[in-house]
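Peer 1: Based on what follows, work out the 3D shape:
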Amino acid sequence: MSTIFTKIINREIPAEILYETDRVIAIIDIMPIHYGHALIIPKKEYRNFLEVPEQELGELMTVAQKVARSLVKTFDLEGFNFFANNGEVAGQSVFHFHIHVTPRYPNDNISFHLNLKKYAEGQMKEVADRIRGNIQ
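Peer 2: Model prediction:
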């Protein structure tokens, strides 16, 4: 699969590394939403969130939290976004799972344009029942 992240992990191309463990690396995003935008990446290649083994999720979250705390302190932030795109339709462009942590500022002109829906009578329970039936 060898992605740009694998090349960074293997030190084949340069990156600004913020933090690193045996299984996770955190770097500065080369195309940031805001300066300080960081990526938290498992060192093993997993195409998306669903492929990451459960035993590795905890360390990814721990590193993401450490980086987020550092961003808040460094930039005196009131907030930040924490997200991961999974699949091309969701905006994923590098198919090596990664978590974004990006600073947010008042009036920064970044918005998520949502078309919120409403459930019809009984529809929410029907949808929830279907989901519950597939949780393993």
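
Peer 1: contact partners of whatever helix or strand R130 lives in?
Peer 2: According to DSSP states H and E, R130 maps onto helix 123-132. Here helix 123-132 makes contact (Cβ atoms under 8 Å, 6 or more residues apart in numbering) with Y119. C-beta here means a position set from N, CA and C on the backbone, and glycine is covered the same way.

Peer 1: Could I get the average pLDDT for that helix?
Peer 2: For helix 123-132, mean pLDDT rounds to 96.

Peer 1: what do you get for stretch 2-19?
Peer 2: Here the average pLDDT along stretch 2-19 is 96.

Peer 1: Show me what counts as buried in the helix ranked longest in the chain.
Peer 2: Ranked by residue count under DSSP state H, the longest helix found in the chain is helix 54-75. Buried positions in helix 54-75, judged by neighbour count with 16 or more other Cβ atoms under 10 Å: 56, 60, 63-64, 66-68, 70-71.

Peer 1: try stretch 40-56
Peer 2: Neighbour-count burial for stretch 40-56 [16+ other Cβ under 10 Å]: 40-43, 45-46, 48-49, 52, 56.

Peer 1: Can you tell me the element the residue of the chain most remote from its centre falls in?
Peer 2: In the chain, counting by Cα atoms, centre = their mean, E121 sits farthest out from the average C-alpha position, at 34.3 Å. For E121, there is no enclosing helix or strand under DSSP H and E.

Peer 1: quick one: secondary structure of N81?
Peer 2: Counting by DSSP: H, G, I helix; E, B strand; the rest coil, the backbone at N81 sits in strand.
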